[in-house]
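Asker: Compute the structure for the input listed below.
(chains A and B)
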Protein chains: 2
Amino acid sequence: MAKNVETKKSGTAKVKKDDGRPRVPGGSVKSEVGSARLQYIPWHTIPLEELNPLLQRQFVVGQEIMLARVLLKKGCIVPEHSHHNEQVTYILDGALKFWIDGKEIIVNGGEVLTIPPNMPHRAEALADTVDFDVFNPPRADWMNKTNSYLR
Amino acid sequence: MAKNVETKKSGTAKVKKDDGRPRVPGGSVKSEVGSARLQYIPWHTIPLEELNPLLQRQFVVGQEIMLARVLLKKGCIVPEHSHHNEQVTYILDGALKFWIDGKEIIVNGGEVLTIPPNMPHRAEALADTVDFDVFNPPRADWMNKTNSYLR
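Answerer: All right, here's what the predicted structure looks like:
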């Protein structure tokens, strides 16, 4: 019986710390959309998708959770948009300035922003930034590449 | 009219990188359970909950997403348990060995493990580890402190 499991031995993984650089261009690990599977996925095995010269991303999709790793160069602008997906943003390093709910909020490394569903927001990278975004449910527009506002 | 929003200006935030140390013991930012609110939360404002001498955690709760920051000292054991909440684990630094689905999987810094709902797992920290866990829905047992397996 086929098991709903995808794992990979980690014995060869040399990654000791996430320094923001992809080590292997491309990779063989794929996610099914919205599936409940055990998946072991080093970030460096996921191709970095370049949306524009200042914006790259990768993501992992579970069942109801998407975890994205977004790399923004200083000056990168994410135009105003909204989505029905709840978003929790964690900045690992760098800084993003958000315009949201009539406010300007700078989220630095070590800080979190929770964005309710359907709340319009735009952002600008004030420095080269490593950003982790959690979405519920997963962003279908990212998975099917229809998110034209980023391109 | 009261607005369903909680934010804080970040002008005084000096955190440039998450190095795993809490800078402010205690903090005033609180999360409501399962609420859809805009929240700006530096990790250093959230008290570190010490579950045992080898295990500390903090978490941020949105509507359907919980993002936890878990600090495990080398040798920390998380006994086997399961939960209906989907889990996505991202190891920022260090390494966790999981026993899950009949396998042993070492998740190093820069690697992700997606754990389906109700899949039993246990873990051991092979080094001092900074672990981010995403849960959907939020872990009620963490919020009401009934997670006796960790204490």
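Asker: And what about the nearest residue to A:His81 once chain neighbours are set aside, helix, strand or coil?
Answerer: Taking C-beta to C-beta, 6 or more residues apart in numbering or on different chains as the measure, A:His81 lies nearest to A:Tyr149, with 4.9 Å between them; neighbours along the chain are not counted. Quick note: C-beta positions are derived from backbone N, CA and C, even for glycine. Three states are possible here, and by DSSP: H, G, I helix; E, B strand; the rest coil the one that applies to A:Tyr149 is helix.
Asker: ok, A:Tyr149 - how many residues close by?
Answerer: A:Tyr149 is surrounded by 12 other residues when neighbours are defined as other C-beta atoms under 10 Å in any protein chain shown.
Asker: what ranges of chain A fall below the confidence cut-off?
Answerer: Per-residue confidence for chain A (pLDDT under 70) gives these ranges: A:1-34.
Asker: And the helices in chain A?
Answerer: Secondary structure of chain A (DSSP state H): helices located at A:140-143.
Asker: And the strands in chain A?
Answerer: Counting by DSSP state E, chain A forms strands over residues A:5-6, A:38-42, A:49-52, A:55-61, A:66-72, A:77-81, A:86-93, A:95-100, A:103-108, A:111-115, A:121-125, A:129-136, given from the N-terminal end onward.
Asker: sorry, back to before: could you check how far the residue nearest to A:His81 is from chain B?
Answerer: Note on A:Tyr149: its distance to chain B, by C-beta to the nearest C-beta, to the nearest Å, is 20 Å.
Asker: And A:His44, by the same measure?
Answerer: Taking C-beta to the nearest C-beta, one finds A:His44 at 7 Å from chain B.
Asker: hang on, the earlier thing: go through the strands of chain A and pick out the most buried.
Answerer: Mean neighbour count, computed with mean count of other C-beta atoms under 10 Å in any protein chain shown, is highest for strand A:111-115 among those, reaching a mean of 25.
Asker: and it, what does it pack onto?
Answerer: Judged by 3 or more C-beta pairs under 8 Å, 6 or more residues apart in numbering or on different chains; DSSP states H and E, the packing partners of strand A:111-115 are strand A:86-93, strand B:38-42.
Asker: Quick one: residues in contact with the longest one.
Answerer: Residues outside strand A:86-93 that contact it (C-beta atoms under 8 Å, 6 or more residues apart in numbering or on different chains) are A:18, A:20, A:96, A:107-117, A:128-136, B:16-18, B:36, B:60, B:62-65, B:67, B:92, B:132, B:134.
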